[in-house]
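Asker: Starting from these lines, generate the structure:
(chains A and B)
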Amino acid sequence: MSEKVEVLKSKEMQALEEKMTMLVQTGRIDNLIDLLAVVSDNIEMTTQPMVEKMIGTVDNMATAGFVTENAVRYAKRETDKNEVPSLFGMLKLLKDKDTRKGLAFVLNLTKGIGRQL
Amino acid sequence: MKKKILIVGGGTAGTMTANNLAKKLMPEIDRGDVEITMISNSKYHYYRPGAMYVAFHKSEGHEFVRDQRSLLMPEIEFIVDAAVEINTNRNFVKGQSGKRYEYDFMVLATGCEAAPERIPGLKEGGDWFYTYEGARKLAEKFQTIKNGRVLITVNFPKTPNIPHQCGIAPVETTIMLHDYLKEKGVRENIEIVYTYPTEAQSVHNGLFLQEPTSKVLPAIFDEMDIKHKTGFTLNKVDPAKKVAYSEEGEEMEFDILMSTPPFIASKVIRESGLSKALDGEGWLPTDRKTLKVKGLDNVYTLGDTVDLPVSKAGGTIHNQTDVVADNIASELRYGYPTESYDGLVIAIAQMGLSCGMPLWYDYEEDVQPTPCSKLGSFVRKGFNKGIYWAAARGMI
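Answerer: Below you'll find the model as predicted:
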């Protein structure tokens, strides 16, 4: 059993050696080593506050995605379930607390955009 | 007739499961055949592993709290009402408000709580980082200590082969403390003594609850000049004299006692009559594969409430939640559960303030300790501060 493992291991090493030889002969190894160095440097130069700020952005994007995806699915279900509302039906929809909450949110969203313009 | 799924508890387990269930059952929800309701005793969601960072001034605490509603898909009805009674004969849960919540399927995800009062003197003389208030208190003490001894103690449930909350946390915080005191320039004046009880699940006289890690810890601690001692099962604390006593008959003085206190299931579970755990600890008898409460065909449980030997931690829940959601969906569709939990736990241990060690294990294989890394720490902290919320929402 151990003999078999050894044979397989050396075969794998041989294959690896051949690949590495090719990388060295074609000069590609230099770029790959540089790339590894860049990756390592980036880890070294990254600080905890940087990670927290970056992840904060990712979290914001994920939150926006979650809210939007949920809202679109919800709206689609409601639209499919109900007939196109009349003008009176529209007003009834506006009376709904969640609709008003959402509408107020959209209006505040435009306000938030406005502040940045 | 519309099927009702009730989720009790708005922590990590309840939230992930509610969202995963809503995703899996979307066709049924669209048709109006299924409704999912969650009841929780709080309108807020707390990410509990964040507390230990607060103990070392590495987080404020508010980053780990969000509105529970903002983490749930709109298909889930969310009600703030603490469960006070569980009636599995008549399939309902009673809330503090007096309202009855009926169910066809129920998920009990009420977690566990620290119970320092179970050890005489611990509440008055000890500290713990498992709650935000406790972590704040510890942070103040760590901020001011200039010399003396910090004693670390760990208590396990009396019920055999059940871990305390987050098995690796005592090791993590011990090394974090070493780093923190070094950062403050007072480490050489403060002795850190890590103790571990004689019995820790399947490990006897070790330093950790799994053998491979228990064996490598002495070398890791020695390198940091952290004293370590097994066979110290805390059973009494004298808050005035600042002395900790063990079941084995030893006593140790301390300036700060950073303890992993006893843990018990939540009150409503303890009083439900469903548990057979020792000392009224309340762990639910759980089928290790289906994650059903044993003897109840329509009640599932996961997370910190179970009596399984795996860690009571988010990295466990993340792997249990899909099993529970799949099984409930299968039962509704085919009449029987289809998935099986293999005991998988995946996490990154915070081995010091800036070193993270990825770990995984299951019912069959223990954790194989690997060297920690800076990159590992970034991933862990990134998870804490951002990715967790996506996981809770069932996005990953």
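
Asker: use CA for all of it now, contacts and neighbours both
Answerer: Noted.

Asker: Just the pLDDT for residue 25.
Answerer: Because you didn't say which chain, this covers chain A. Reading off the confidence values, A:Q25 has pLDDT 96.

Asker: nope, chain B please
Answerer: On the pLDDT scale, B:L25 gets 98.

Asker: So, low pLDDT: which residues of chain A?
Answerer: For chain A, applying pLDDT under 70 flags the ranges A:1-9.

Asker: Going by proximity to chain B, name the top residue of it.
Answerer: A:D59 (5.0 Å; CA to the nearest CA).

Asker: residues near residue 112, how many?
Answerer: No chain specified, so I'll use chain A. 11 (other CA atoms under 10 Å in any protein chain shown).

Asker: you looked at the wrong chain, it should be chain B
Answerer: B:C112 has 22 nearby residues by other CA under 10 Å.

Asker: same check, this time on B:R333
Answerer: 12.

Asker: Quick check: it vs chain A, distance?
Answerer: 22 Å (CA to the nearest CA, to the nearest Å).

Asker: what's the helix or strand harbouring that residue packed up against?
Answerer: B:R333 is part of helix B:314-334 when elements are defined by DSSP states H and E. Identification of packing neighbours for helix B:314-334 by 3 or more CA pairs under 8 Å, 6 or more residues apart in numbering or on different chains; DSSP states H and E yields helix B:12-24, strand B:345-350.

Asker: and the residue of chain A closest to chain B, what is it in contact with?
Answerer: When contacts are counted by CA atoms under 8 Å, 6 or more residues apart in numbering or on different chains, A:D59 touches B:386-387, B:389-390.

Asker: tell me the SS of it?
Answerer: helix (DSSP: H, G, I helix; E, B strand; the rest coil).

Asker: show me what contacts B:R136?
Answerer: By CA under 8 Å, 6+ apart, the contact list for B:R136 reads B:54-55, B:129.

Asker: repeat for B:Y46
Answerer: B:Y46 sits next to B:11, B:64-66 when contact means CA under 8 Å, 6+ apart.

Asker: at 10 Å what do you get?
Answerer: B:10-12, B:61-68, B:131-132 (CA atoms under 10 Å, 6 or more residues apart in numbering or on different chains).

Asker: Would you mind splitting chain B into its domains for me?
Answerer: Domain ranges of chain B: B:3-111+B:266-344, B:114-262, per automatic domain parsing.

Asker: With distance to A:G112 added, can I get those domains in TSV?
Answerer: Listed next are the domains of chain B as TSV, based on distance: least, CA to CA, whole Å:
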stretch	distance to A:G112
domain B:3-111+B:266-344	20
domain B:114-262	33
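
Asker: Quick check: which of those is nearest to A:I33?
Answerer: Minimum separation from A:I33 across the domains of chain B (CA to CA) falls at domain B:114-262, 32.1 Å.

Asker: end-to-end on that closest one?
Answerer: 6 Å (CA to CA, to the nearest Å).

Asker: same thing with stretch B:364-377?
Answerer: 27 Å.

Asker: before we move on, what about stretch B:47-62?
Answerer: With CA to CA, one end of stretch B:47-62 sits 10 Å from the other.

Asker: what distance separates it from the centre of its chain?
Answerer: Stretch B:47-62 sits 15 Å away from the centroid of its parent chain (CA atoms, centre = their mean, to the nearest Å).

Asker: any idea how far stretch B:198-210 is from the chain center?
Answerer: Relative to its chain's centre, stretch B:198-210 lies at 19 Å (CA atoms, centre = their mean).

Asker: who's in contact with that stretch?
Answerer: Stretch B:198-210 is touched from outside by B:154-157, B:159-164, B:167-168, B:170-171, B:194-197, B:211, B:213-218, B:228-233, B:247-248, B:309, B:311, B:365-368, with contacts defined as CA under 10 Å, 6+ apart.

Asker: Just give the nearest non-adjacent residue to whatever residue of chain B ends up closest to chain A, would you?
Answerer: Closest to chain A within chain B is B:G386: 5.0 Å, counting by CA to the nearest CA. Excluding its sequence neighbours, the residue lying closest to B:G386 (CA to CA, 6 or more residues apart in numbering or on different chains) is A:D59, at 5.0 Å.

Asker: So which of the contacts of stretch B:198-210 belong to helices?
Answerer: Among these, the subset assigned to helices under DSSP state H consists of B:170-171, B:211, B:213-218.

Asker: And these, which of them are buried?
Answerer: Neighbour counting by 16 or more other CA atoms under 10 Å in any protein chain shown classes B:170-171, B:211, B:213, B:217-218 among those as buried.

Asker: ok, back up a step: of the contacts of B:R136, which belong to helices?
Answerer: Those of the contacts of B:R136 lying in helices (DSSP H): B:V54.
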